[in-house]
Each structure stands twice: as structure tokens, then as C-alpha cells.
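Visitor: Predicted model and sequence follow; I will ask about them next.
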Amino acid sequence: MTRMIDALLILNAGSSSLKFQVAATGTLDRLVSGAVRGIGTAMHFRASACGQPPVEEAPNGIDHDAAFGAALRFVGEHAHGCATRSCNGRGLSVVSR
């Protein structure tokens, strides 16, 4: 059975950008970080997990909803494996509503 760890989702939303990070609560180890820039015009997404090379893309949409959706998708797809590698085999549960 996978043991879950607690994590923090840290958001910094401005008028034209959304920066995000997921950190393990006990150690504050960075698991995932990224940013969506160009909200309201032509968005550009860049994020990385577990020290891997960054992923860059142009998400669909131009508003904060689209930016937040892109960030949550990346966290959901990448945070669990990162937590497993960097937190001694413990898993991370990511839930979005």
C-alpha cells in the first residue's frame, strides 16, 4: 500500500500570469513548479517536476480558468511520480474539484 504525504499547492496569480508550486509539507521539498504567462493574450506554459527538464506548451484558452486548468493537469500528471522518487517511496495524492 502506498503511504500518502501531505503537500502544499502554492499559487501566485496576477493579472497576466499564474505561478504555481507543489511542496512536501514536512520538508518543503519542491516537487513541481511552473508558470503560465500571457493570460489574456497568448498563453505560454512552462513547468517542471522532480528536477526534470521543463515542459513547455501553449495551452488552449486565454483566461485564468484555462491557466489554472493547465497547472492542475500538470500537477496531476507529474506530482505523484515526483513525490515517490523524492520522498523515500511515499506517494502523493492530488485531488482537484
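Guide: The structure has been received and is ready for your questions. Note that this is a predicted model, so its numbers are computed, not measured. Numbering: from 1, shown residues only.
Visitor: so how many other residues sit close to residue 73?
Guide: Residues within reach of residue 73, counting by other C-beta atoms under 10 Å, total 14. To be clear about C-beta, it is placed using only N, CA and C from the backbone, and glycine gets the same treatment.
Visitor: In the chain, which residue is most central in space?
Guide: By C-alpha atoms, centre = their mean, the chain has its centre lying nearest to residue 75, at 3.8 Å.
Visitor: is it true that it touches residue 32?
Guide: Yes: taking contacts as C-beta atoms under 8 Å, residue 75 lies within contact range of residue 32: 5.5 Å.
Visitor: quick one: low-confidence ranges for the chain?
Guide: 1-5, 81-97 (pLDDT under 70).
Visitor: Go again with 50.
Guide: Scanning the chain for pLDDT under 50 picks out 1, 84-97.
Visitor: hang on, residue 46 in a strand?
Guide: Yes: the assignment for residue 46 by DSSP: H, G, I helix; E, B strand; the rest coil puts it in a strand.
Visitor: how near is the residue lying closest to it once chain neighbours are set aside to residue 79?
Guide: In space, and not counting its chain neighbours, residue 46 is closest to residue 56: 4.8 Å by C-beta to C-beta, 6 or more residues apart in numbering. Residue 56 sits 18 Å away from residue 79, taking C-beta to C-beta, to the nearest Å as the criterion.
Visitor: Could you report the neighbour count for the closest residue in space to residue 37 that isn't next to it in sequence?
Guide: Leaving aside its sequence neighbours, residue 37 sits nearest to residue 17 (C-beta to C-beta, 6+ apart; 4.8 Å). The number of residues packed near residue 17 is 17, by other C-beta under 10 Å.
Visitor: Check whether residue 17 really touches residue 41, as I assumed.
Guide: No: the criterion here is C-beta under 8 Å, and residue 17 misses it with residue 41 at 11.0 Å.
Visitor: Mind listing the shared neighbours of those two?
Guide: In terms of C-beta atoms under 8 Å, 6 or more residues apart in numbering, residue 17 and residue 41 are not both contacted by any residue.
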